[in-house]
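1. Fold the following.
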Amino acid sequence: MIENYKIAVIIPCYKVINHIEGVISSIPPYVDHVIAVDDKCPQNSGKFIEMNCKDPRITILYNNVNQGVGGAMITGYQFCLKSGIDICVKIDGDGQMDPALMKLFVDPIIRNEADYTKGNRFYWFDGLKEMPVLRLIGNSALSFINKLMSGYWEIMDPTNGYTAISSKALLHLPFDKIERRYFFESDLLFRLGLIRAIVQDVPMEAKYSDEKSNLSIINTMITFPSKYLKRIFKRIIYLYFLRDFNAGSVSLLAAIPSLFFGSIFGLYKWYDALSNAKPTPTGTLFIIALLIILGVQFLITFITYDVYNYGAHSHRARKSN
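-> Predicted coordinates:
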């Protein structure tokens, strides 16, 4: 069945000339097109590929300005849509991603079980031993934030760059709004969540060698939180107050004022008690505790509703129906 689909592999190329030949030579024969995107690489990776790689499937695209991994991928995606490609696979050019696994990413899309597949390095416990501790902790935290931002509560390892997407899903994505740089994978999940695309994880082992990441940890810590908060707010507004108003909307509307007023009132009474050296009345403490408990309960109800109605299983169920 795979031969009935036109499959393209997109490789963002930026400082990858030490590995790119091996990556391209390992791409399976069922792939119809190999698209290398030179993202204004200082090593002139596009010219390097032209001179050293003779695979007839290769097409080299050039960005006039460095746009980051997201910009390179969007250039590749737009080319694929114009070329009638059915499935676009993304792998990096640094040798971390095994092209032999590609069929695992493509098959769920062919079987109409997913619109987008992505790697998950957290599935196999033994494989995590190779992952640097700092990266392991960071990815675990980002995974939870991404669940809240995208609604894909069963998806882990959101920054994993080994992905595949159907052309049908690509047609519904706003390329002019998608983040161009290292927030690309997370932002793409957010956009896919808004169009209710089906996303599926593909278990894979973590692999690290002598490659050097271009991602700045300090820059990530400074810039990513505001991006996440903005998209979490957008998703909640879109799904719970603009497109629909449901039990989750009511739970959230009840949770926010309960937690806010309970916390503010509690802090005020605590400060007042310390300043005036007098105990807070039991009735007042009861009201504060009740507001906070109710707020937490309503918040749990909202999250439960969100997981059940917008999680990966609910997406899959709607698709099958």
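2. pLDDT weak spots in the chain?
-> For the chain, the stretches flagged by pLDDT under 70 are 126-131, 135, 206-221, 311-321.
3. Could you chop it up by domain?
-> According to automatic domain parsing, the chain comprises the domains 2-237, 245-320.
4. Next one: residue 286 from residue 258, what distance?
-> 14 Å (C-beta to C-beta, to the nearest Å). C-beta coordinates here come from the backbone N, C-alpha and C atoms, glycine included.
5. Compare neighbour counts for those two and give me the winner.
-> For residue 286 and residue 258, the more surrounded residue by other C-beta atoms under 10 Å is residue 258, and the numbers stand at 20 against 10.
6. Who are the packing partners of the helix or strand harbouring that one?
-> Under the criterion of DSSP states H and E, residue 258 resides in helix 247-276. On a contact count with 3 or more C-beta pairs under 8 Å, 6 or more residues apart in numbering; DSSP states H and E, helix 247-276 meets helix 282-310.
7. returning to what we had before: hey, which of the domains of the chain is tucked in deepest?
-> domain 2-237 (a mean of 18; mean count of other C-beta atoms under 10 Å).
8. what's in contact with stretch 12-22?
-> Defining contact as C-beta atoms under 8 Å, 6 or more residues apart in numbering, one finds that stretch 12-22 is touched by 11, 23, 36-39, 41-43, 45-46, 48-49, 52-53, 66, 69, 72-73, 76, 90, 92-95, 211-212, 214.
9. What of stretch 255-271?
-> With C-beta under 8 Å, 6+ apart as the criterion, stretch 255-271 contacts 280, 284-285, 287-292, 294-296, 298-299, 301-302.
10. and which of those is nearest to residue 184?
-> Closest approach between the contacts of stretch 255-271 and residue 184, by C-beta to C-beta: residue 302, at 28.4 Å.
11. what about the helices in this protein?
-> Assigned by DSSP state H, the helices in the chain fall at 20-25, 45-52, 68-82, 102-110, 133-150, 167-170, 184-194, 217-237, 247-276, 282-310, 312-320.
12. Figure out which of those helices is closest to residue 156.
-> Nearest to residue 156, of all those, is helix 133-150, at 4.9 Å by C-beta to C-beta.
13. Correct me if wrong: residue 175 contacts residue 75.
-> No - here residue 175 lies out of contact with residue 75, judged by C-beta atoms under 8 Å, at a distance of 9.6 Å.
14. how much space between the closest residue to residue 23 other than its chain neighbours and residue 254?
-> With sequence-adjacent residues excluded and distances taken as C-beta to C-beta, 6 or more residues apart in numbering, residue 23 is closest to residue 93, at 5.5 Å. From residue 93 across to residue 254, the span is 50 Å (C-beta to C-beta).
15. And residue 266, by the same measure?
-> Note on residue 266: its distance to residue 254, by C-beta to C-beta, is 18 Å.
16. Contacts only, for the residue nearest to the spatial centre of the chain.
-> Central residue of the chain (C-alpha atoms, centre = their mean): residue 186, 3.0 Å from the mean position. Shown in contact with residue 186 (C-beta under 8 Å, 6+ apart): 142, 146, 149, 150, 158, 159, 179, 227, 228.
17. what's near enough to touch residue 232?
-> If you count contacts by C-beta under 8 Å, 6+ apart, then residue 232 has 145, 148, 149 around it.
18. just curious, which of those residues is nearest to residue 310?
-> For the contacts of residue 232, the nearest to residue 310 is residue 148 (10.6 Å; C-beta to C-beta).
19. Spatially, what comes nearest to that closest one if we skip its sequence neighbours?
-> The shortest distance from residue 148 to any non-neighbouring residue, by C-beta to C-beta, 6+ apart, is to residue 232 (5.6 Å).
20. I'd like the distance between residue 225 and residue 180.
-> 18 Å.
21. about what we covered before: quick one, which of the helices of the chain is nearest to residue 7?
-> Closest of the helices of the chain to residue 7 is helix 102-110, at 6.3 Å (criterion: C-beta to C-beta).
22. contact partners of that closest one?
-> For helix 102-110, contacts defined as C-beta under 8 Å, 6+ apart pick out 1-2, 5, 7, 9, 27-28, 30-31, 87, 89, 91, 114-119, 162-166, 200, 202, 204.
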